[in-house]
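J.: Sequence plus the predicted model coming up.
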Amino acid sequence: MADTARSSGTARLVMGVTWVVLLLGLWLWGMKVTDVRQGMSAPTTGDMAAAGRPPLAELPPAARPLKGAAPQRIDIPDLGVQAPVVGRGLDAAGAIDPPPFDQAAVVGWYAGGAAPGAAGTALMVGHVDTETKPAVFYKLSTLKPGRTVRVVRADGHVAEFTVDDVEVLPRDHFDAHRAYGPRQPGRAELRLITCGGTFDRASRSYTANVIVSAYLTGTPL
């Protein structure tokens, strides 16, 4: 049974990697992109109606970007998430290598791109679920604009981000620049990415991605 589950998970990961390679060609001018595809036999989160765009709340001004430093932990108080962050690179196929399935409580950061808190768009990915249970970004689609995301960095700073957008983007006709490109030039921005939509049993993949966009608004001690 263990070998069967491992093979199934590997097959899903390969499908996700293939999708990422295609998107890399669309968006290499600004930043690399990534995707994680996996799931249980039925969708558990990230439904298209869950993320929506509520009336815009008054959001705080952007803070001045920090110097680059690797992230160590991400805290999302509204979701009860306190997760270690590990740097990830590109695999042999040229896609960002996500955390393995046996580390479903870990968030991956694309170490070849911007650091969280530095100018540019930092990319973080996490699993929505595994074969048997929810994973670190299981509730990501329920996050709302105005909520806080904190990233503890190796230099001792805590980069505090404010969510300004939550979208569920279908993978058909996917707009990579909208998903991963900067919303306002010069800001320190953050993207949190996981699977969304519904789970397609035929292709054994999710039909969309949940994209949470946030920007640096402070560095509390």
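T.: Cool, the structure landed. Residues are numbered from 1 along each chain as shown.

J.: hey, where'd the helices end up in the protein?
T.: 2-27, 48-51, 176-180 (DSSP state H).

J.: Distance of the residue nearest to residue 61 when sequence neighbours are not counted relative to residue 84?
T.: Sequence neighbours aside, residue 217 is the residue nearest to residue 61 in space, at 7.2 Å (criterion: Cβ to Cβ, 6 or more residues apart in numbering). Placement of C-beta: from N, CA and C, glycine included. As defined by Cβ to Cβ, to the nearest Å, residue 217 lies at a distance of 23 Å from residue 84.

J.: which of the two has more neighbours?
T.: Between residue 217 and residue 84, residue 217 has the larger neighbour count (other Cβ atoms under 10 Å), namely 18 against 15.

J.: so how far is residue 171 from that one?
T.: In terms of Cβ to Cβ, residue 217 sits 31 Å off from residue 171.

J.: Do I have it right that residue 126 meets residue 191?
T.: No: the criterion here is Cβ atoms under 8 Å, and residue 126 misses it with residue 191 at 11.5 Å.

J.: Tell me how many other residues crowd residue 146.
T.: Residue 146: 15 neighbours (other Cβ under 10 Å).

J.: and it, how far is that from residue 87?
T.: For residue 146 relative to residue 87 (Cβ to Cβ), the value is 29 Å.

J.: Quick check: closest non-adjacent residue to the residue nearest the centre of the chain.
T.: Centroid-nearest residue in the chain: residue 193, 2.0 Å away (criterion: Cα atoms, centre = their mean). Counting by Cβ to Cβ, 6+ apart, residue 125 is the residue found nearest to residue 193 once chain neighbours are left out, at 4.8 Å.

J.: and the one you found, how many neighbours does it have?
T.: With other Cβ under 10 Å as criterion, residue 125 counts 27.

J.: Model confidence for it, exactly?
T.: In this model, residue 125 is scored at 91, pLDDT.

J.: Numbering from 25 from now on, please.
T.: New numbering, starting at 25: the last item is residue 149.

J.: For it, give the beta-bridge partners.
T.: residue 132, residue 217 (DSSP bridges).

J.: how about the strands in this structure?
T.: With DSSP state E applied, the chain shows strands at 95-100, 105-112, 131-134, 144-149, 172-177, 182-194, 212-224, 229-242, listed in chain order.

J.: Present these as TSV; the columns should include distance to residue 85.
T.: Shown next, in TSV, are the strands of the chain (distance: least, Cβ to Cβ, whole Å):
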stretch	distance to residue 85
strand 95-100	21
strand 105-112	25
strand 131-134	25
strand 144-149	18
strand 172-177	15
strand 182-194	10
strand 212-224	13
strand 229-242	7
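
J.: ok, residue 84 touching residue 185?
T.: No: the criterion here is Cβ under 8 Å, and residue 84 misses it with residue 185 at 10.5 Å.

J.: Return every residue with contacts to both of those two.
T.: residue 241 (Cβ atoms under 8 Å, 6 or more residues apart in numbering).

J.: Looking at the two, which is more packed in?
T.: With neighbours defined as other Cβ under 10 Å, residue 84 and residue 185 compare such that residue 185 has more, 28 against 12.

J.: looking at it, that one is touching residue 173, isn't it?
T.: Yes: proximity of residue 185 to residue 173 meets the contact threshold set by Cβ under 8 Å, at 4.4 Å.

J.: Are there residues contacting both of those two? Which ones?
T.: Common neighbours of residue 185 and residue 173 (Cβ under 8 Å, 6+ apart) are 214, 238.
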